[in-house]
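**Q** when you get a sec, could you give me coordinates for this:
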Amino acid sequence: MTTENDSKDYKKPEGYKKPDGYKKPFQNNFFNQAKPESKDIVFGIQSVLETLRAGKEIDKILVQRELGSLEVLEFARLRGVPVQKVPSEKLDRITRKNHQGVIAFVSAINYAKLENVVADVYEKGQVPLLLVLDRITDVRNFGAIARTAECTGVHAIVIPTKGAAQINADAMKTSSGALNFLPVCREENLYLTIKYLQNSGIQVVACSEKLSKNMYEIDFTMPTAIIMGSEEDGISEELLHSVDELATIPMTGRVGSLNVSVATGVVLYEALRKRMV
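**A** The predicted structure is shown next:
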């Protein structure tokens, strides 16, 4: 059955322009090829620096608290790689080798540029469906969400640079291969990301059990970005106040919430159902 997502006659919003330097994000139907070193770490100041210079995707860098200014930290800042100061004991637990106070976690995927993904979806005449994850840190939850997102036609997952699950071998396995095909975009500021999406003609819908509007009232046939919040405290107040729609999943039981991967699946399949009608 053809879904609204597959439609070739959808017209992009009036005035929308492709970003400067736009490049098509999809190649050979395999957007994110898993790397053989997906579970690897790189340690040592010079080794991490050379990894950054080589353009390798890095999820985060752990740096010993006592270390001062380092060239590797400046490179990480320029690349937008999260840096976390930690006690030396934590580094020692990760590796017993001479790490020199610096350990980098190599990503299992190549991150996409959100602007390119949005432009590509519009160029194909499709209706954008994006998933924004606000501080979801559990690796298996992330993998399960990615699996459902790929099955329901989500065009990309958006995560924050800081406070997101590490995309490692466990995430890849839990996603059942979905992360090999589904673009993941890493953004420095989700508030500004929401504003960009809205300016691109995409409605932003926040989903939480704390909200009053039933999700069945939302028009998911429009260009849509769905926000799901962290396992601990949901969607941040800043993001809640910046979205277009606030929606909740109706529940009749005594337990007041769902696991975030389950909740995401419920919402995404409602979006898919409406797009298939």
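**Q** the stretch 1-150 of the chain: strands as residue ranges?
**A** Along the stretch 1-150 of the chain, counting by DSSP state E, counting those that start in this stretch, strands occupy 41-43, 58-64, 83-86, 102-106, 129-134.
**Q** tabulate these (JSON lines), appending distance to residue 201, mean pLDDT and mean neighbour count.
**A** (Each C-beta comes from the backbone N, C-alpha and C, glycine too.) As requested, the strands of the stretch 1-150 of the chain are exported to JSON lines (distance: least, C-beta to C-beta, whole Å; pLDDT from 0 to 100; neighbours: other C-beta atoms under 10 Å):
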{"stretch": "strand 41-43", "distance to residue 201": "40", "mean pLDDT": "90", "mean neighbour count": "18"}
{"stretch": "strand 58-64", "distance to residue 201": "31", "mean pLDDT": "90", "mean neighbour count": "20"}
{"stretch": "strand 83-86", "distance to residue 201": "35", "mean pLDDT": "90", "mean neighbour count": "14"}
{"stretch": "strand 102-106", "distance to residue 201": "36", "mean pLDDT": "91", "mean neighbour count": "23"}
{"stretch": "strand 129-134", "distance to residue 201": "12", "mean pLDDT": "97", "mean neighbour count": "26"}
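**Q** tell me which of the ones you listed sits nearest to residue 233.
**A** strand 129-134 (9.7 Å; C-beta to C-beta).
**Q** in its sheet, what does the closest one sit against?
**A** strand 156-160 (parallel), strand 224-229 (parallel) (DSSP bridges).
**Q** give me the helices and strands touching the helix or strand just after the first one, please.
**A** Going back to what we said before, that points to strand 156-160. Following strand 156-160 in sequence order, the next helix or strand is helix 169-174 (DSSP states H and E). Judged by 3 or more C-beta pairs under 8 Å, 6 or more residues apart in numbering; DSSP states H and E, the packing partners of helix 169-174 are helix 139-151.
**Q** so which bits of the helix it packs on are buried?
**A** For helix 139-151, the neighbour count (16 or more other C-beta atoms under 10 Å) marks 139, 141-150 as buried.
**Q** of the strands paired with strand 129-134, flag the one that's most buried.
**A** strand 224-229 (a mean of 26; mean count of other C-beta atoms under 10 Å).
**Q** next SSE downstream of it?
**A** helix 237-240.
**Q** got a list of contacts for the following helix or strand past that next one?
**A** Next helix or strand after helix 237-240 toward the C-terminus (DSSP H and E): strand 245-247. Residues outside strand 245-247 that contact it (C-beta atoms under 8 Å, 6 or more residues apart in numbering): 203-208, 211-215, 217-218, 240, 267.
**Q** lowest pLDDT pick from these?
**A** Across the contacts of strand 245-247, the smallest pLDDT goes to residue 211, namely 65.
**Q** and residue 231, how many neighbours?
**A** When counting by other C-beta atoms under 10 Å, one arrives at 15 neighbours for residue 231.
**Q** I should have written residue 204 there, sorry.
**A** Using other C-beta under 10 Å: residue 204 sits among 20 other residues.
**Q** surely it is within a strand?
**A** Yes. Counting by DSSP: H, G, I helix; E, B strand; the rest coil, residue 204 falls inside a strand.
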